[in-house]
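*Asks:* Fold the following for me, if possible:
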Amino acid sequence: MKNKRRISIIAINLKRLKREKGLSQSDLCKETALAYHTIAKIETGATSDPRISTLKKLAKALDVPLNSLVE
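*Replies:* The predicted model follows:
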């Protein structure tokens, strides 16, 4: 249960930060070299446990500390 809550927070934060920065999923794909479906699955919560390396790439592309995505 706790894991699902954490993923929901990640999804919410990713959507919010992406919107605040004016970035699309395609923009994040280019900045992170992640597949479009990887970002989409994280945003929808379909990915149950994103890799830390993936989260680090997203945080770097969004120019935020990692904890901005997970807290």
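
*Asks:* alpha carbons only for contacts and neighbour counts from here, please
*Replies:* Fine.

*Asks:* residues contacting the residue most central in space within the chain?
*Replies:* Residue closest to the average C-alpha location in the chain (Cα atoms, centre = their mean): residue 14, at 4.3 Å. Shown in contact with residue 14 (Cα atoms under 8 Å, 6 or more residues apart in numbering): 43, 69.

*Asks:* where does it fall, phi/psi-wise?
*Replies:* phi -60, psi -50 (degrees, to the nearest 10).

*Asks:* who's in contact with stretch 54-67?
*Replies:* By Cα under 8 Å, 6+ apart, the list of residues contacting stretch 54-67 from outside reads 17-18, 21, 28, 31-32, 34, 68-69.

*Asks:* Number of residues surrounding residue 55?
*Replies:* Per other Cα atoms under 10 Å, the neighbour tally for residue 55 reads 20.

*Asks:* Low-confidence stretches in the chain?
*Replies:* For the chain, the stretches with pLDDT under 70 are 1-7, 48.
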